[in-house]
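> task: produce atomic coordinates for the following.
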Amino acid sequence: MKKQSTWDIIKRLFKIGMKFRSWFIVTLIISIVLSVISTYRPYLTMQIVDNDIIKLQDEGLMMKHIYILVALVFGETILNFFLVYFSNFISQNVIRDIRERLYHKLIYFRTSFFDKTAIGQLVTRAVGDVETISTVYTDGFLMVFGDILRIVFVLIMMFQVDVHLSYISLAILPLMVVITRFFQKKLRKAFGDERTWTANQNSFVQERLQGMSLIQVFNRQEAEFKKFDQINITLKAALLRTVFIFSLFFPVVELISSLFIGFILFYGGYITISAGVVIAFIQYISMLIRPLRQIADRFNNIQRGIVGAERVLGVMDEDFALPNEGT
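Below you'll find the model as predicted:
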C-alpha cells in the first residue's frame, strides 16, 4: 500500500464529506453563532457586576441584563445540542458512504488478493477502522473550526476588557501549542500500534477458528493459546500506552489553566482592577483554555481516525479488480 501523508488523507476525507455540503453549512453557521454568544456572556457579566450591582445605577436595567444573561445560557445550551447532533449526523452519513465504497471495492477483487491478505485484517478495516474515521468528523473539521473561532472571539473580547491582562494571557498560547504538538506525535505512534495489533488479533482468532479441526487433530490447543496470549498482552500494552499519554495530557493542561487563573487573581489584586474585570478574565481564561484543550483532545482523536483512514483508503486504492470482459 502506498504511504499517504496526513494532509492527503484529510483532503480525501473532506472531499467525501462535501457530499453533505448543506449540512456542513448549517453546522458551520451554528458554530459561528455559538462562538459569539459564549464570548459575549463574560462581558455582560462584567457589566452586571461593575455597573448594576456595585454602583446600583438602575435596578430595572440590572434585571434586564440578568434576563439577557439567562437567555444567552439557554441559547448556548440549545445550540451546543444542535452542533453535536449535526456533527454526528454528518459523521454517520459519511461513514455509511465509506463502508459502501469499501465493500463495493472488495467484492470485485480477484481471489488472489484474498489468498495473500488475512481476512481478519480486512474485517478490522471494514468495521473497526471505518468506525474510527467518524472521529475526524465528530471531533474534526467543524469542531476544530468552532474552537479556533471561539479562541479568536475570546481574544478580541479580552482586549476589549483589559489590554494589559490580555497581553499576559497571550503567553498561554505558545505554551499550549508546544504541549499539544508533543502529545500529538506520541499519540500518532501509539494509535498506529493499537490498530496494528487489533488487526493482528482479529486475524489470528478468525484463522484459528476456521482451522480449529486441524488444531485439534494435531493437539495444538496449548501452543495456539500461548500465541494468542502473547498477542493479547502486546495489544494490552499498546492500549495502556495510549491511556498513559491521555492521562498525562489532561492534568498538565489543568495545571497550566490553574496557574494562569491564580496569576490573574494576584495581578488583579496588585494593580487594583474592578471585580467585574477579574470575574470576566477568570471566565475568559477558562474559555481560552477549554478550546485549546479541546483542540488538543480533538487532534488526538483525529489522529486515531487518520490512522484508520490510512488503512481503509489503502485498501480502496489497491488495484486487484476483476477484469471486465463482458460483451
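> lowest-pLDDT helix or strand in the chain?
helix 119-123 (a mean of 72; mean pLDDT, DSSP states H and E).
> contact partners of that one?
Contact with helix 119-123 is made by L106, F114, A199, N200, Q201, N202, S203, F204, V205, Q206, E207, V315, as judged by CB atoms under 8 Å, 6 or more residues apart in numbering. All C-beta spots, glycine's among them, are computed from the backbone N, C-alpha and C.
> show me which of the residues you listed are buried.
With burial judged by 16 or more other CB atoms under 10 Å, the buried subset of the contacts of helix 119-123 is L106, A199, N200, Q201, N202, S203, F204, Q206, V315.
> from E100, how far off is the first one?
Put plainly, it is L106. L106 is 11 Å from E100, where distance means CB to CB, to the nearest Å.
> now do the fourth one
Taking CB to CB as the measure, Q201 falls 26 Å from E100.
> again, but for the second one
In this view, A199 and E100 are 21 Å apart by CB to CB.
> F246 now?
Between F246 and E100 the computed distance is 32 Å (CB to CB).
> in the stretch 201-327 of the chain, which ranges drop under the pLDDT threshold?
Along the stretch 201-327 of the chain, segments meeting pLDDT under 70 span 268-272, 296-297, 300, 320-327.
> try it again with 80
Across the stretch 201-327 of the chain, the ranges flagged by pLDDT under 80 are 202-203, 205-212, 245-247, 249-250, 252-254, 256-275, 286, 289-308, 310-311, 313-327.
> what ranges does it have for its helices?
212-217, 221-271, 275-316 (DSSP state H, counting those that start in this stretch).
> which one of those is the most hemmed in?
helix 275-316 (a mean of 21; mean count of other CB atoms under 10 Å).
> chain center to it, what's the gap?
6 Å (CA atoms, centre = their mean, to the nearest Å).
> what's it packed up against?
Packing partners of helix 275-316 (3 or more CB pairs under 8 Å, 6 or more residues apart in numbering; DSSP states H and E): helix 6-17, helix 21-47, helix 59-106, helix 130-138, helix 141-161, helix 163-169, helix 172-210, helix 221-271.
> which strands and helices sit next to the longest one?
To tie it back to what came earlier, the one meant is helix 221-271. When contacts are defined as 3+ CB pairs under 8 Å, 6+ apart, helix 221-271 sits against helix 163-169, helix 172-210, helix 275-316.
> need these in JSON lines with distance to G262, can you?
Shown next, in JSON lines, are the helices and strands packed on helix 221-271 (distance: least, CB to CB, whole Å):
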{"stretch": "helix 163-169", "distance to G262": "12"}
{"stretch": "helix 172-210", "distance to G262": "13"}
{"stretch": "helix 275-316", "distance to G262": "10"}
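> of these, which is nearest K15?
Nearest to K15, of all the helices and strands packed on helix 221-271, is helix 275-316, at 11.4 Å by CB to CB.
> angle of that closest one against helix 21-47?
160 degrees (axes from the mean of the first three to the mean of the last three CA atoms, to 10 degrees).
> now do helix 275-316 and helix 59-106, the angle between them.
Using the same axes, to 10 degrees: helix 275-316 against helix 59-106 is 10 degrees.
> tell me the angle helix 275-316 makes with helix 130-138.
Here helix 275-316 runs at an angle of 140 degrees relative to helix 130-138 (the same axes, to 10 degrees).
> by how many degrees do helix 275-316 and helix 172-210 diverge?
Going by the same axes, to 10 degrees, helix 275-316 makes 30 degrees with helix 172-210.
> now helix 275-316 against helix 221-271, angle please.
Going by the same axes, to 10 degrees, helix 275-316 makes 150 degrees with helix 221-271.
> all numbers from here: first residue = 47
Yes, from this point I'll number from 47; that puts the last item at helix 321-362.
> so what's R147 up against?
Shown in contact with R147 (CB under 8 Å, 6+ apart): M362.
> same deal with the one 5 residues further on?
Listed by CB under 8 Å, 6+ apart, the contact partners of L152 are L168, A172, V361.
> so it versus R171, what's the distance?
Distance from L152 to R171, by CB to CB: 9 Å.
> anything in contact with each of the two?
By CB under 8 Å, 6+ apart, the residues touching both L152 and R171 are V361.
> could you list the low-confidence segments of the stretch 97-246 of the chain?
Within the stretch 97-246 of the chain, the ranges that satisfy pLDDT under 80 run 97-108, 152-191, 210-211, 214-223, 225-242, 244-245.
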